[in-house]
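J.: Model the structure of this input:
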Amino acid sequence: MYMTQGLRRAAKLKPNDIAMLGDGLSINWAEFQDRTAHLAGAFAKLGLKQGDRVAMLGLNSHRYVEFFYGSFWAGVAAVPLNIRWAVAEHIYALNDCGARALIVDDAFAGIAADITAGVPSIEVLIHATDGAPADNMHSHDDLIANHAAVPDALLSGDDLAGVFYTGGTTGFPKGVMLPHRGLWTSSIGFADAARLTPDDINLHAAPMFHIAGCAAAFNQVILGGTQTFIPGFEPKVFLKAVETYRPTNTLLVPTMIGMLLQEPALETADTSSLGQMFYGASPMTQAILKEAMEKLPGTKFVHLYGQTELSPLVTALGPEYHVLEGPNAEKIQSVGRPVVTVEVEIVDENDKEVPRGTVGEVRARGANTMLGYWNKPEQTAATLKDGWVHTGDGGYMDEDGFIYIVDRVKDMIITGGENVFSAEVENAVMQFPGLSECAVIGVPDEKWGEAVHAIVVPREGQTPDPDALIAHCRNLIAAFKCPRTVEVRAEALPKSGAGKIQKFELRAPHWEGHEKGVS
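T.: The predicted model follows:
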């Protein structure tokens, strides 16, 4: 289980086939392997040693893939950085893992000096650019051109492949240490669940610093498929790339799918090549999923559920269950069954497996588990127990082995002694016409302890009536689950770099000054 295996295999079997494609870009497998070996050679000449950490801060591009595989080849650990972080957060993560090198692209070259000023361990600064490098930076492409290739370090198994920082929904983020076996195993599970083939072309639109975007890159290399890129997700840019590069697959987070559905150009765009769309990383409401299935009738949908600590894949729900009628229709509300490389259980607070249909915490194990959190032994011990990763997600398993996620354990609302799962309420809310997005949180209530509060963002030109929305919910879910209050916002809800709504920011002003706080 070594991450360079797929690259080495494809370079031998089909050296002239296209590995990476883009605007004025065409790199075949022989060239990809050559660039990887030369980049690793440059790392060595710059003084980087096996086990050192090399970070990248950049938008999606072929150089992001080269960063990963150059790191794997050199035996250094890759550290992708969240493009939405503030400078202080970058400084924290780089100091936390003791990174010795940082690669930035044109979008972030301007803040590189501010970052490195706070990170004494950074000795090498590389500019991934088509033009001349910024002052005091090495050119990524010049390093490849001017340094000899080195042999593959061939790290594998439990050897550290990368440190992947979590979104940091509470406090500073944790560095998840993922081994070669983890990334490789998860990629195989992804490829099997999505029925990928070497003929597939994947369009990277979700951010490649995120573990889901990484997984989409890694399985393409393992299979020998083609990758193409847009720097970041914008609906019009995405649709143009689909028409230009004719990808067969793409991965989007639900917020991106919601934005795409509101794009007028979708009505006339040629999306016929797009055979599959993978989605995950945050909950998808049934209303948005149904609309996506209607507006993209030629595209099959695959729901992928996981988390960084599991490299990341845990379960998948295939296209055969993305139906609105027939015997499989009820499964569309699930996140699917465990992929072939993972074992999953639902357990109680004593880590005892609960009966089917009973809500508990989802835990998973397999060769895809993390090594632990960087420099955080106590948090590692709390999450990784006896080989099982405790996800922090509340859910249940049905008699057929399908997993249903009801909420993050920390997002559960307890009102009047009743448990309310915010995801269930959000599904009901989003069936109300004219909404773009919503989040449901618990807010302080003297009588009930917590009250259900919905925060909604309307679509352009729409003005939802809070009372009508609450009445709408009463027709779909029990009265105690319905929002007691509704807040309408004009601006988008706060999100992490991976597109997850950050509920801790929404809760904070409501819980300020109260003894109980929900993080």
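
J.: from here on, contacts and neighbour counts on C-alpha atoms
T.: Will do.

J.: quick one, what contacts V443?
T.: V443 makes contacts with 450-453, 507, 510-511, as judged by Cα atoms under 8 Å, 6 or more residues apart in numbering.

J.: Check for me that I441 belongs to a strand.
T.: Yes - counting by DSSP: H, G, I helix; E, B strand; the rest coil, I441 is found in a strand.

J.: Please narrow the contacts of V443 to those residing in helices.
T.: 507, 510-511 (DSSP state H).

J.: Enumerate every residue touching S273.
T.: Per Cα under 8 Å, 6+ apart, neighbours of S273: 242, 246-248.

J.: Any chance of JSON lines for the contacts of V443, columns neighbour count?
T.: Converted to JSON lines, the contacts of V443 look like this (neighbours: other Cα atoms under 10 Å):
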{"residue": "E450", "neighbour count": "17"}
{"residue": "A451", "neighbour count": "24"}
{"residue": "V452", "neighbour count": "25"}
{"residue": "H453", "neighbour count": "23"}
{"residue": "R507", "neighbour count": "19"}
{"residue": "H510", "neighbour count": "14"}
{"residue": "W511", "neighbour count": "16"}
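
J.: from those residues, which is closest to L304?
T.: Nearest to L304 among these, counting by Cα to Cα, is R507 at 27.4 Å.

J.: Quick check, the closest one in contact with I441.
T.: Yes - contact criterion Cα atoms under 8 Å: R507 and I441 qualify, at 6.7 Å.

J.: What about A367, how many residues nearby?
T.: 22 (other Cα atoms under 10 Å).

J.: How about T463?
T.: By the criterion of other Cα under 10 Å, T463 has 14 neighbours.

J.: One more: A478?
T.: Counted with other Cα under 10 Å, A478 comes out at 11.

J.: now E325
T.: 9.

J.: what sits against it?
T.: Taking Cα under 8 Å, 6+ apart as the definition, E325 has no contacts.

J.: Confirm it sits in a helix?
T.: No - per three-state DSSP, E325 lies outside any helix segment and is coil.

J.: Which pLDDT value belongs to it?
T.: With respect to pLDDT, E325 scores 93.

J.: Against P297, how distant is it?
T.: To P297, E325 is 15 Å away according to Cα to Cα, to the nearest Å.

J.: Equivalent analysis for Q262, please.
T.: 16 Å.

J.: if I look at A468, how far off is P494?
T.: From A468 to P494 the distance is 25 Å (Cα to Cα).

J.: if you count what's nearby, which of the two comes out ahead?
T.: P494 (14 against 11).

J.: got a list of what the more buried one touches?
T.: Taking Cα under 8 Å, 6+ apart, we find P494 in contact with 501-503, 505-506.

J.: Now do it against V425, distance only.
T.: The value you get for P494 to V425, if Cα to Cα is used, is 19 Å.

J.: out of the contacts of P494, who has the most neighbours?
T.: The most neighbours, when the contacts of P494 are compared by other Cα under 10 Å, belong to I501, which has 21 neighbours.

J.: Which parts of this structure belong to which domain?
T.: Per automatic domain parsing, the domain ranges recorded for the chain read 5-344, 412-511.

J.: Compare these and give me the one nearest G401.
T.: Of those, nearest to G401 by Cα to Cα is domain 5-344, at 5.9 Å.

J.: how long is the closest one from one end to the other?
T.: This stretch, domain 5-344, spans 28 Å end to end (Cα to Cα).

J.: again, but for stretch 214-232
T.: 14 Å.

J.: what is the rounded mean pLDDT of that stretch?
T.: Per-residue scores along stretch 214-232 average to 97.

J.: where does the chain have its least confident helix or strand?
T.: strand 418-420 (a mean of 78; mean pLDDT, DSSP states H and E).

J.: buried set for that one?
T.: By 16 or more other Cα atoms under 10 Å, the buried positions in strand 418-420 come out as V420.

J.: Give me the packing partners of whichever helix or strand comes after it, helices and strands only.
T.: Once the chain leaves strand 418-420, the next helix or strand it forms, by DSSP states H and E, is helix 422-429. Helices and strands touching helix 422-429, by 3 or more Cα pairs under 8 Å, 6 or more residues apart in numbering; DSSP states H and E, are strand 403-408, strand 435-445, helix 466-474.

J.: Restricted to helices, list the contacts of P494.
T.: Among these, the residues falling in helices (DSSP H) are 503, 505-506.

J.: Switch the residues you listed over to CSV; also include distance to D141 and pLDDT.
T.: Output for those, formatted as CSV (distance: Cα to Cα, whole Å; pLDDT from 0 to 100):
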residue, distance to D141, pLDDT
K503, 41, 86
E505, 40, 88
L506, 43, 92
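
J.: Check these against I188 and report the nearest one.
T.: K503 (32.5 Å).

J.: wait, the closest one sits on A439?
T.: Yes - shown here, K503 and A439 form a contact pair, counting by Cα under 8 Å, at 7.3 Å.

J.: Quickly list what L57 is bridged to.
T.: V104 (DSSP bridges).

J.: So it is in contact with L81, correct?
T.: Yes - contact criterion Cα under 8 Å: L57 and L81 qualify, at 5.2 Å.

J.: shared neighbours of the two, anything?
T.: F209.

J.: didn't V242 look like it was pressed against L266?
T.: No - V242 lies out of contact with L266 (Cα under 8 Å); the separation is 11.0 Å.

J.: what about those two, which has more around it?
T.: V242 (22 against 16).

J.: Please, which helix or strand holds that one?
T.: Applying DSSP H and E, one finds V242 within helix 235-245.

J.: Which residues does the next helix or strand after that helix contact?
T.: Per DSSP H and E, the first helix or strand lying C-terminal to helix 235-245 is strand 249-252. For strand 249-252, contacts defined as Cα under 8 Å, 6+ apart pick out 200-206, 213, 216, 274-280.

J.: mind redoing it with 7 Å?
T.: By Cα atoms under 7 Å, 6 or more residues apart in numbering, the residues outside strand 249-252 that reach it are 200-206, 274-279.

J.: next one: stretch 216-226
T.: 6-7, 10, 18-20, 187-188, 191, 197-202.

J.: Off-centre distance for the host helix or strand of F72?
T.: Here F72, judged by DSSP H and E, is contained in helix 62-74. Averaged C-alpha coordinates place helix 62-74 at 19 Å from its chain's average position (Cα atoms, centre = their mean, to the nearest Å).

J.: mind listing what's buried in it?
T.: 62-74.

J.: same check, this time on stretch 425-443
T.: Neighbour-count burial for stretch 425-443, with 16+ other Cα under 10 Å as criterion, is recorded at 425-431, 435-443.

J.: Please tell me I have it right and Y69 contacts T36.
T.: Yes - the pair Y69 and T36 qualifies as a contact (Cα atoms under 7 Å) at a distance of 6.1 Å.

J.: can I assume R363 sits in a strand?
T.: Yes - using three-state DSSP, the assignment for R363 is a strand.

J.: And for it, the neighbour number?
T.: 25.

J.: now swap in the one 5 residues further on and tell me
T.: Neighbour count of N368, defined by other Cα under 10 Å: 28.
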